[in-house]
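Enquirer: Pasted the sequence and its predicted model underneath.
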Amino acid sequence: MSGSEVKVYRVEGEMLIAHDRFPEWRKFVKYVRALKPEHALERVYSELGSNHKVRRRHIKIHKVEEVPLEEVDDLYIIKLSSLERFVKV
C-alpha cells in the first residue's frame, strides 16, 4: 500500500455531549487519512467514542469529503502525509 493510495477526508457532523444531564449537540470537523470514505467514517466513530465516550447513536455525520492536503489544518495529518515510508523498530 503506497502513500498515493491513502487520501485525506474531512468529516463534518455533530455529537451529543452529556446526554443525561444537560444535553448539548456540538459540531465537529475531523480530518482523517483513509483509503475509502467508509474507512474515514469508521475512524471518526472510533476516535470520538474513545476520546469523548460518545456512542455511535449520539453522532450525526453531515458530510464526508475528500480534500487536498492544502486545505488541511491538522498538523498531525500534514506531517503524516509527508512521510515517504514507515520504519518499524
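Expert: Okay, I see it.

Enquirer: Show me where this structure has its helices.
Expert: 37-52, 75-82 (DSSP state H).

Enquirer: which outside residues touch the last one?
Expert: Okay, so that is helix 75-82. Gly3, Val6, Val8, Tyr31, Val32, Arg33, Leu69, Val72 (C-beta atoms under 8 Å, 6 or more residues apart in numbering). Placement of C-beta: from N, CA and C, glycine included.

Enquirer: ok, back up a step: to Glu65, which of the helices of the chain lies closest?
Expert: Closest approach to Glu65 among the helices of the chain is made by helix 37-52 (8.0 Å; C-beta to C-beta).

Enquirer: Mind listing what's buried along the closest one?
Expert: Ala40, Leu41, Arg43, Val44, Tyr45, Leu48 (16 or more other C-beta atoms under 10 Å).

Enquirer: Over to stretch 12-22?
Expert: Buried residues in stretch 12-22, counted by 16+ other C-beta under 10 Å: Gly13, Met15, Leu16.

Enquirer: go on, stretch 65-79?
Expert: The neighbour-count check on stretch 65-79 (16+ other C-beta under 10 Å) flags Val72, Ile77 as buried.

Enquirer: now do the same end-to-end measure for that stretch.
Expert: 20 Å (C-alpha to C-alpha, to the nearest Å).

Enquirer: Strands of the protein, residue ranges please.
Expert: Here the chain has its strands, by DSSP state E, at 7-17, 24-34, 59-66.

Enquirer: could you dump those to JSON lines with distance to His52?
Expert: Listed next are the strands of the chain as JSON lines, based on distance: least, C-beta to C-beta, whole Å:
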{"stretch": "strand 7-17", "distance to His52": "7"}
{"stretch": "strand 24-34", "distance to His52": "9"}
{"stretch": "strand 59-66", "distance to His52": "9"}
